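Novice: Structure for the following, please:
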Amino acid sequence: MSHKRVAILISGGGSNMVSLLESMTGDHAARPCLVLANNADAGGLAKAAAAGVKTAVVDHRPFKGDREAFEAELVKPILAAEADIVCLAGFMRVLTAGFVSQFEGRMLNIHPSLLPKYKGLHTHARALEAGDAEHGCTVHEVTPRLDDGPILGQARVPVQSDDTPDTLAARVLVQEHLLYPAVLRRYAAGDRTPVLLG
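Specialist: Numbering: from 1, shown residues only. Next up, the predicted model:
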């Protein structure tokens, strides 16, 4: 069978990327074709290269706020790698509607909250401030609106009375590493039924 080709976009250490790479073996319908970072110092690049996956860097800094120009470069390695699916895994640049529309229906993102709660940043602190009994992470299809789009999976963790944003983030990250590969496996096989964990 011909495998779906997956490009993974990262900005940092790439822990979610690693869990995705490790999952794409055996009877999985997809294989990684590219790991792309917006920062040459992203620790995930060395991990991807060590796993035998092609890497590329498109640094956002020379573009000084010209998002369209940055994205015109960012799209080139993705198209060159003939990616069928694009996974954002800790990619810290907001993408324009023009970029997202090129991959509509085949771009995924993982976000550290139970969407639609807490779009954007500082999700763990915000969940604690709100006194939430549970928190977690969401994998969703990317649409032009930030942290929006159809939900493809969620994992829930209970909030402990002594949690700090850091302890809560660490527990959620464990679930991220389970949820994202589970969603991608299902999604690559053409099944968009949400994966629900915890």
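Novice: Make sure residue 71 is indeed in a strand.
Specialist: No: Residue 71: not assigned to a strand; according to DSSP: H, G, I helix; E, B strand; the rest coil it is helix.
Novice: What is the burial count for it?
Specialist: For residue 71, the neighbour count with other C-beta atoms under 10 Å is 20. In short, each C-beta sits where N, CA and C put it, glycine included.
Novice: Looks like it contacts residue 96 (just checking).
Specialist: Yes: using C-beta atoms under 8 Å as the test, residue 71 is close enough to residue 96 to be in contact (6.2 Å).
Novice: Buried residues, the longest helix along the chain. List them.
Specialist: Counting residues, the longest helix in the chain under DSSP state H turns out to be helix 165-188. Judged by neighbour count (16 or more other C-beta atoms under 10 Å), helix 165-188 contains these buried residues: 168-169, 171-172, 175-188.
Novice: sorry, back to before: tell me, what's touching residue 71 and residue 96 both at once?
Specialist: Common neighbours of residue 71 and residue 96 (criterion: C-beta atoms under 8 Å, 6 or more residues apart in numbering): none identified.
Novice: re the thing from before, now tell me what touches the longest helix of the chain from outside.
Specialist: 4, 6, 15-16, 19-20, 22-24, 28-30, 85, 87, 89, 108, 110, 112, 122, 124-125, 127-128, 135-137, 139, 152-157, 159-160, 192-193, 195, 197-198.
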